[in-house]
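In: Quick one: sequence and predicted model below, then my questions.
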Amino acid sequence: MSTKPEAETDSSDATQDVSGPGLAMSRAAIDKELKSIIADVLGIDTEEAEALGDDSGLFGHLPELDSMAVAGLLTEIEDRLDIVIEDDDVDGEMLETYGGLLTFVEAKLAES
Amino acid sequence: MIAAWQAPCSEGRTSEELLIAFDESREQRVLILPAWFDEANKMRRLTVQMMRVLDQAGIDSFLPDLPGCNESLVPLKEQSVSAWRACALAAVDHVGASHVLAIRAGALLAPPNLPGWLYAPQTGPKVLRGMIRARAIAAREAGREESAEELQELGRSEGLTLAGWSIGPQMFRELETAEPITGDMHATVEQKKIGGAGLWLRAEPGDNEEQAQALAKIVAGEGAIQQ
């Protein structure tokens, strides 16, 4: 154990950077990243998250996905996809199904 | 492993709080400042898992409860960032810490003159934003409209219950601007160094042996831990 910790400078593992700045993300790339975030929140495998379809229920359908978990989900989407989600944007429809959330995130990315 | 410590409170009083201690009077003594509120539950098992790994690697570690947390007899509503900073300093003295490992919002309390690590540090505004957002979502689901602005006003003047946590006005106001006080004594440990997704993201508390090992390895130094 060192007495003074080394600064962590390794930045080679840029797993969160899905697209470079200024490059529009494809729908498939957004879908992949969104499923990865949901997998992290629900603690499920990527394969299980792959099974999510447009009609798959989220908030109000999965008991573990309560308001605090949804708030964390939205914050993670903001951080990983570099968008800002306003409080007025958040409504039941966008959170109810996977398709609703995907459409919302796509529209947000198109704005930015 | 289960001990207690006296945390300083206002007006010179103290409050007896839980202390999880792996203490064999070894040279390296790491004070753990845990994650807060909702994240505290989600990170608890990982935190103690990591302490067990450190113990096997010959390193003492200490996880003090802060007043108002877990089984504390002191109300959370009376706590503040500045009061908890004073508690963190008292905990350093109590355990004779050589290092600090602060997790998430615990980084807001890390004493700048004690060497150590900030694991995925969280700022005060981000802590508040997530909790206010959770309250607004819950209210909307219940058919009520609560704007973030109204909630902020109320939080500053009277305090707020956010996601079940009773945040007093002083805590609220301090969180609006609180940042970790970092100097060159602290290294930031990002989640990509640990691997996988941060457990604070999980909808429900979980654990992860690999992540506990990875974090302990960073604290102990490479090579100190046998997998």
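Out: Structure received. Residues are numbered from 1 along each chain as shown, chains lettered A, B, ... in the order given.
In: Give me the neighbour count for B:G196.
Out: If you count neighbours by other CB atoms under 10 Å in any protein chain shown, B:G196 ends up with 12. Every residue, glycine included, has its C-beta placed from N, CA and C.
In: Contacts only, for it.
Out: Each residue near B:G196 by CB atoms under 8 Å, 6 or more residues apart in numbering or on different chains is listed here: B:208, B:210-211.
In: try B:R129
Out: A:T75.
In: what helix or strand does it sit in?
Out: Using DSSP states H and E, B:R129 maps to helix B:124-141.
In: Show the subsequent helix or strand relative to that helix.
Out: By DSSP H and E, the next helix or strand past helix B:124-141 is helix B:148-157.
In: can that following helix be found next to chain A?
Out: Yes. Helix B:148-157 lies within reach of chain A by CB under 8 Å from any CB of the partner chain, at B:A148.
In: For that helix, name the packing helices and strands.
Out: Counting contacts by 3 or more CB pairs under 8 Å, 6 or more residues apart in numbering or on different chains; DSSP states H and E, helix B:148-157 packs against helix B:124-141, strand B:160-162, helix B:169-175.
In: Could you pull out the buried residues of it?
Out: By 16 or more other CB atoms under 10 Å in any protein chain shown, the buried positions in helix B:148-157 come out as B:148, B:151, B:155.
In: right, and B:D65 touches B:L76 too?
Out: No. Look at B:D65 against B:L76 with CB atoms under 8 Å: they stay out of range, at 11.5 Å.
In: between those two, who's got more neighbours?
Out: Between B:D65 and B:L76, counted using other CB under 10 Å, B:D65 has the larger neighbour count: 22 against 18.
In: any idea how far that one is from chain A?
Out: Separation of B:D65 from chain A (CB to the nearest CB, to the nearest Å) stands at 21 Å.
In: mind checking how far B:K42 is from A:E64?
Out: In this structure, B:K42 and A:E64 are 12 Å apart, going by CB to CB, to the nearest Å.
In: intersection of neighbour lists for these two?
Out: The contact sets of B:K42 and A:E64 overlap at B:E204 (CB under 8 Å, 6+ apart).
In: follow-up on the earlier one: in a markdown table: the buried residues of helix B:148-157, plus distance to B:L175.
Out: As requested, the buried residues of helix B:148-157 are exported to a markdown table (distance: CB to CB, whole Å):
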| residue | distance to B:L175 |
| --- | --- |
| B:A148 | 14 |
| B:L151 | 13 |
| B:G155 | 9 |
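In: from the residues you listed, which is closest to chain A?
Out: Taking CB to the nearest CB as the measure, B:A148 is the one of the buried residues of helix B:148-157 closest to chain A, at 4.9 Å.
In: does that closest one really touch B:A136, like I thought?
Out: Yes. Using CB under 8 Å, B:A148 is in contact with B:A136, at 6.3 Å.
In: hey, what's in contact with both of these two?
Out: Residues touching both B:A148 and B:A136 (CB under 8 Å, 6+ apart) are A:D87.
In: ok, now which ones touch the residue nearest to B:W5 when sequence neighbours are not counted?
Out: Excluding the flanking residues, the one nearest B:W5 by CB to CB, 6 or more residues apart in numbering or on different chains is B:L19, at 4.5 Å. Counting by CB under 8 Å, 6+ apart, B:L19 makes contact with B:2-5, B:62-65, B:94-95.
In: Now do the SS call for B:L19.
Out: Look at B:L19: counting by DSSP: H, G, I helix; E, B strand; the rest coil, its state is strand.
In: what does B:L31 give?
Out: strand.
In: Neighbours of it, how many?
Out: Here the number of neighbours of B:L31 (other CB under 10 Å) works out to 25.
In: what residue ranges in chain B score low on pLDDT?
Out: Judged by pLDDT under 70, chain B has its weakly predicted residues at B:222-227.
In: Report the separation between the residue in it sticking out farthest from the centre and A:L65.
Out: Of all residues in chain B, B:G143 has its C-alpha farthest from the mean position, at 33.3 Å, by CA atoms, centre = their mean. Separation of B:G143 from A:L65 (CB to CB) stands at 19 Å.
In: now do B:E209
Out: Distance from B:E209 to A:L65, counting by CB to CB: 25 Å.
In: swap in B:G198?
Out: 17 Å.
In: same deal with B:K42?
Out: 14 Å.
In: Is the helix or strand hosting A:A29 in proximity to chain B?
Out: Of the helices and strands defined by DSSP H and E, A:A29 is found in helix A:27-42. Yes. Interface with chain B: helix A:27-42 contributes A:39-42 (CB under 8 Å from any CB).
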